[in-house]
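A.B. asks: Need a 3D model of the sequence below.
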Amino acid sequence: MTKAGERLIQSLEEALAWTRGEPVAVKVHKVRVPVEVDVKAIRRSMKLTQRAFADRFGFPVETVSNWERGHRRPEGAARVLLTVIAREPEAVLRALGE
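C.D. replies: Predicted structure coming up:
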């Protein structure tokens, strides 16, 4: 077996041990995603219309409108993406090839 294969197996064994609560030297990263995201404030700070914001970041314009009117709340990955857009919009645009 290759060294890469051996390291992969070792990593998987460590991951399984960690899930069983056994002491292993692993790094655990916890991400704090805000519960509330002010979509309108994010969009306005970028000086974009709802349609331009939706088009630029791949959201349906109806979804952006529903978020802003409070009819729906961004959940899961959308909250994460909106948080990144609020803090580092240029990074998102670079990642999207803009």
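A.B. asks: got a list of contacts for the longest helix along the chain?
C.D. replies: For the chain, the helix with the greatest residue count under DSSP state H is helix 3-19. Contacts to helix 3-19, defined as Cβ atoms under 8 Å, 6 or more residues apart in numbering, come from residues 1, 24-26. Placement of C-beta: from N, CA and C, glycine included.
A.B. asks: Just among those residues, which is most surrounded?
C.D. replies: Compared across the contacts of helix 3-19, Val24 has the highest neighbour count, 13 neighbours, by other Cβ atoms under 10 Å.
A.B. asks: Can you verify my assumption that Ala54 contacts Val64?
C.D. replies: Yes: using Cβ atoms under 8 Å, Ala54 is in contact with Val64, at 4.8 Å.
A.B. asks: With neighbour numbers in mind, choose between these two.
C.D. replies: Val64 (25 against 18).
A.B. asks: How about the contacts made by the more buried one?
C.D. replies: So Val64 contacts 39, 43, 50, 53-54 (Cβ under 8 Å, 6+ apart).
A.B. asks: from those residues, which is closest to Glu68?
C.D. replies: Among these, Val39 lies closest to Glu68 (Cβ to Cβ), at 5.3 Å.
A.B. asks: Three-state assignment for Pro34, please.
C.D. replies: coil (DSSP: H, G, I helix; E, B strand; the rest coil).
A.B. asks: And for it, the neighbour number?
C.D. replies: A count of nearby residues for Pro34, using other Cβ under 10 Å, gives 12.
A.B. asks: so it touches Val80, yeah?
C.D. replies: No: with contact defined as Cβ under 8 Å, Pro34 does not reach Val80; the gap is 9.3 Å.
A.B. asks: wait, what's in contact with the residue most central in space within the chain?
C.D. replies: In the chain, the residue lying closest to the centroid (Cα atoms, centre = their mean) is Val80, at 3.3 Å. Val80 makes contacts with 31, 33, as judged by Cβ under 8 Å, 6+ apart.
A.B. asks: Tell me the confidence at Asn30?
C.D. replies: Not quite, residue 30 is Lys, not Asn. On pLDDT, Lys30 comes in at 86.
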